Each structure stands twice: as C-alpha cells, then as structure tokens.
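>>> sequence first, predicted coordinates after that:
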Amino acid sequence: MRRWGVQARSTLVAVLVLAAALVLLSLGVYVVLDRTLAADVQSSTMERAEQTAALAGDDLDAASAAVRQETGTDTLFQVVDSAGQMLVSSPDADGRAPLLVPAGQVASRVSIDGQPYVVASVPVESRSGRLTILAAQSLEPVERTLRTVLIALGAIGPLLLIAVGVATWLAVGNSLSSVRSIRTRVEDISVADLSERVPVPPAKDEIRRLALTMNHMLADLDHAMSSQRQFVADASHELRSPVAALQTTLEVAQRTGAGLSPADLDSVTDDVHRLGQLVSDLLLLARMADTPGGLREVDVDLDDVVRAQAARLRDASDLQVQVRADPARVLGDPGQLTRAVANLAENAARFARQQVLLTVTTAGDRAVVRVEDDGPGIPEDRRQEVFDRFVRLDEHRARDDGGAGLGLAIVREIVQRHGGEVELHDSDLGGAQVVMRFPLASSV
C-alpha cells in the first residue's frame, strides 16, 4: 500500500472501515433480532400453555376439546398425567412421545422432526389429578425472518461499499486536483522569474493552507533573489569606481612614463584603502548570510566595548566624545559586537559637528546602547531605508564622505543575529540617535 497513491489508499481504507462496520452491525442486528423474536415466541408459548392449563383446571373435557382443535397451526399441545401418560394432544402432535420439559419451565430450541421449537410446561391440578400442559411453538417463522434480514444485509452491503468507494475516490480526486494544479504551477516556476504564485483553492482546508504557505515561501524567495541581484548590481557599481580610478591613474602614468606624482600616489592609496574596506564589508556580510547560526557566544561586557570605541574615537578625531556606561553583560560574539559599536561610532563621528555621546544602560532584561551626535540627523521617512545595503542619503553621497553604505546594514545584521533590535531616533544633541537593544546574559 505504501506504493499506492493517496487516492487509492484513502478509498481502500474507507471501504475496509465500512466493511468492518457493516460486519459488526450485521452481527449485532442478527443477535438482537434473534433474541428479541425468540423471547417473544417463548412468552407467547408460555401464555398459551397457561391459558390451556387454566381451562383444564376447571373442565378437563373442555380443555381436551380446545386442544384437539389446534390443527394446522405452529403450536403443538399435549396433556400428560402424573404418570407421564399422554391423555390428549393436538392433531399435529398425535403419535409423538410426551415432550420432556420440567414443569413450570420453558425450553428453547427443542428439535422436533428436525425443526426448532420452544416448549413451555405448566402444571395444573384438576379433578382427574395432577396434570402437565405442554405447549410447543415452532421457531421457523423466526428463522425465516433472520434469513430474510441476512439476505437483505448481504445485498445492501456490497452496494453500499461500492457507493462509498466511488464517492471517496471522486472526493479525494477532487481534493487532489488542487494539489496537481499547485504541482503543475510549481514546475513552471523558474529561478529566473519567481513572481508567479500557485493557485489557492477556495475551500478553507489543509490544501489551501499549503498553497498560502508556498506562496509566502515564493514571495520570500523572490524578495531574496531580488535583494541578491540588487546586491550584486550595487556591489559591482561600488567596485567599478575605485577600480576605474586606479586603472585610469596607472594608464596615464604608464603612457606618459613620468611615474606617479605624490598627489597620484595619495589618490591611489585612498582608492585601494576604500576598495579593501568595501571588499572586507562584503565578505563580512556574505559570511553572516552563510552562517546564520554560527555565533561564537561568550560573555561580553558592552560597557567595556563602548568605552574602548570611545577612546579610539577620541584619538582619531577632534570631537568631544562623552561616555556614560553602566555595567551590562550580554552573550554573543565579541568581534561582531565590537564591529557594530565601531560602525555606529564612526558613522556618528563622520556627521557630528562637535559632539558624540555613547551610553550603555539596562532596561528590564535588555542592554541598551545609544550612539548620538549633533549632526544634521536623518529624516524620519528615511530611517528604515538607511539600514539597507549601499544606501546613502543624497546629501551625503560624495565619495569623500566615507563608506559605500554598508555600515548600518552590517549593524542591523549583527544586532538581529544576537536577538536584538536597532532603531533610529532624534537625539537631544540635535542629530541622530541610533539605539541597539540586546538580551542580557542572565535572560538568554
């Protein structure tokens, strides 16, 4: 059965279950009907024996006459004296030996001439002495009724099984038609174009949920592929500029034979440095994408990381760098956390006029790192966009202003990998405030 299709297996299971139910139901009906009808016959036989016994107690001759009139019926009567001698019997019981049944009892299924009978025995005191009235009623009508019921069940059962099998086959086939449509559509979808979606059936069942889940997956893949293509295009564009500048400078120097001037050397050095930084950022993003769960988790004191980055920023600039750091320990990769804080500190220093503020606090089960500056800030409608790769605000797109727009994208990747969130707000200093929240080590 494992090699059969869902339609065939479902149909077979439905037919087998119904067949078992029909067998059990038929047995139950047969047993109940048999006992009910037999009980009715026993009650009727005892009642007729008691009526004859009452008549014999008053007038034996009248009882004998009544017994002799019982001919052509399913009931046999015998009147036996205390010595076991037959006194009178119904015409159908003539020549038969007395039925041996204890007085006052009913015997079921006594064989008489090969036929089943119910025999009732009733004692009675008459003027002739103690007598026993024996009445026997045939069970043949009961047997005929049971045979008729069995024949009816035997005829209806196969028809019902066929009907259920056909209905199950059609119903499952109709349900699987949606699966076939989904499979056909999926076969037509290629990596080059993930914009197509599978059809969603109207019925609110598991197949509909499957179709919705597949469409959601296709949408995620489409978004991922679009982001990947955009990433490749942006990376190619960013790499083209420094490479083209280096190529031009070197070709001019080669063509003139005059070598590189100090200004050209400075330009080449800047381009090489920028190119190296860009390649390093791209490799970091690629590694984080390839190993989503590959964190080196150790205890990291965020306050120490922030103080170290603040000291480095003071040495590298003329800005006023302030630090307010409460103790806060998180579980994570120290290199990546340091990179996130460094990126924010360098970004703040790039746009600050005079002042940069770094703070570390705790709020509930979270460590909160804020990096603020007194620069121009970031418009509210651009605050989500700046976390995308290769995004720079229009007023800061000059190459001399710094990176290729990967700094905040790297920060977001690092924060999300550590189970945190990153947001942009306005700073009390007048510029931008970047807020990172991480789970504290004790709450991880």
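Done, it's in. Model, not experiment: these values are computed from the prediction.

>>> give me the mean pLDDT for the host helix or strand of Glu187.
Following DSSP states H and E, the helix or strand that holds Glu187 is helix 140-188. Helix 140-188 shows a mean pLDDT of 88.

>>> return the list of strands paired to the longest strand seen in the chain, each annotated with direction.
The strand that spans the most residues within the chain, counting by DSSP state E, is strand 115-126. Paired neighbours of strand 115-126 in the sheet (DSSP bridges): strand 106-112 (antiparallel), strand 129-138 (antiparallel).

>>> ok and that strand relative to helix 140-188, angle-wise?
If you take axes from the mean of the first three to the mean of the last three Cα atoms, to 10 degrees, strand 115-126 sits at 140 degrees to helix 140-188.

>>> now strand 115-126, how far from the chain's geometric center?
In terms of Cα atoms, centre = their mean, to the nearest Å, the centre of strand 115-126 is found 69 Å from the chain centre.

>>> please renumber so the chain begins at 326
Right, with 326 as the first residue, what we last looked at is strand 440-451.

>>> show me this structure divided up by domain.
331-471, 531-612, 618-768 (automatic domain parsing).

>>> which one, of these, ends up nearest to Ser500?
Set against Ser500 and scored by Cβ to Cβ, those come closest in domain 531-612, at 6.4 Å. From N, CA and C alone the C-beta is placed, and that goes for glycine too.

>>> and that closest one, average pLDDT?
For domain 531-612, mean pLDDT is 74.

>>> likewise for stretch 362-372?
pLDDT averaged over stretch 362-372 gives 87.

>>> show me what counts as buried in it.
362-363, 366-367, 369-371 (16 or more other Cβ atoms under 10 Å).

>>> mean pLDDT for the strands paired with strand 440-451: which is lowest?
strand 431-437 (a mean of 77).

>>> that strand: which residues count as buried?
Buried residues in strand 431-437, defined by neighbour count with 16+ other Cβ under 10 Å: 431-432, 435.

>>> one more: stretch 343-360?
For stretch 343-360, the neighbour count (16+ other Cβ under 10 Å) marks 343-344, 347, 351, 359 as buried.

>>> just the residues you listed now: which is nearest Leu608?
Distance to Leu608, by Cβ to Cβ, is smallest for Leu343 among these, at 64.5 Å.

>>> the closest one and Arg534: what is the separation?
29 Å (Cβ to Cβ, to the nearest Å).

>>> show me where the stretch 626-769 of the chain has helices.
Assigned by DSSP state H, counting those that start in this stretch, the stretch 626-769 of the chain shows helices spanning 627-641, 659-676, 732-742.

>>> kindly reformat those as a markdown table containing mean pLDDT, distance to Ile514 and mean neighbour count.
As requested, the helices of the stretch 626-769 of the chain are exported to a markdown table (pLDDT from 0 to 100; distance: least, Cβ to Cβ, whole Å; neighbours: other Cβ atoms under 10 Å):
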| stretch | mean pLDDT | distance to Ile514 | mean neighbour count |
| --- | --- | --- | --- |
| helix 627-641 | 93 | 45 | 18 |
| helix 659-676 | 90 | 36 | 21 |
| helix 732-742 | 87 | 29 | 21 |
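
>>> now the closest residue to Arg421 other than its chain neighbours. Its backbone dihedrals?
Excluding the flanking residues, the one nearest Arg421 by Cβ to Cβ, 6 or more residues apart in numbering is Ser414, at 7.1 Å. Note on Ser414: its backbone torsions stand at phi -150, psi 160 [degrees, to the nearest 10].

>>> could you report the neighbour count for Ser414?
A total of 22 residues lie near Ser414 under the criterion other Cβ atoms under 10 Å.

>>> hey, what's it bridged with?
Under the criterion used (DSSP bridges), Ser414 bridges to Gln403.

>>> list just the nearest of the buried residues of stretch 343-360 to Ala766.
Leu343 (61.1 Å).

>>> how much space between that closest one and Leu485?
Counting by Cβ to Cβ - Leu343 and Leu485 are separated by 7 Å.

>>> quick one on the thing from earlier: inside helices: which ones of the buried residues of stretch 362-372?
Of the buried residues of stretch 362-372, the ones assigned to helices by DSSP state H are 362-363, 366-367, 369-371.

>>> avg pLDDT for stretch 683-702?
Across stretch 683-702, pLDDT averages out at 93.

>>> what comes up buried for that stretch?
683-685, 691-700, 702.

>>> same thing with stretch 481-492?
Neighbour count says stretch 481-492 has 482, 485-486, 489-490 buried, by 16+ other Cβ under 10 Å.

>>> and Ala461, how many neighbours?
27.

>>> any idea what it is bridged to?
Following DSSP bridges, Ala461 is listed with bridge partners Leu401, Val444.

>>> please list all residues in contact with it.
Taking Cβ atoms under 8 Å, 6 or more residues apart in numbering, we find Ala461 in contact with 370, 400-403, 418, 424, 435, 437, 442-445.

>>> any figure for the gap between Ala536 and Thr509?
13 Å.

>>> ok, those two, which is more surrounded?
Using other Cβ under 10 Å as the criterion, Ala536 and Thr509 rank with Ala536 on top: 20 against 11.

>>> just give me the neighbour total for the residue lying closest to Arg373 once chain neighbours are set aside.
Spatially, and ignoring its direct neighbours in sequence, Arg373 is nearest to Ala460 (5.1 Å; Cβ to Cβ, 6+ apart). Per other Cβ under 10 Å, the neighbour tally for Ala460 reads 31.

>>> sheet-wise, list the partners of the helix or strand harbouring Asp624 with their directions.
Here Asp624, judged by DSSP H and E, is contained in strand 623-626. Counting by DSSP bridges, the strands paired with strand 623-626 are strand 654-657 (antiparallel).
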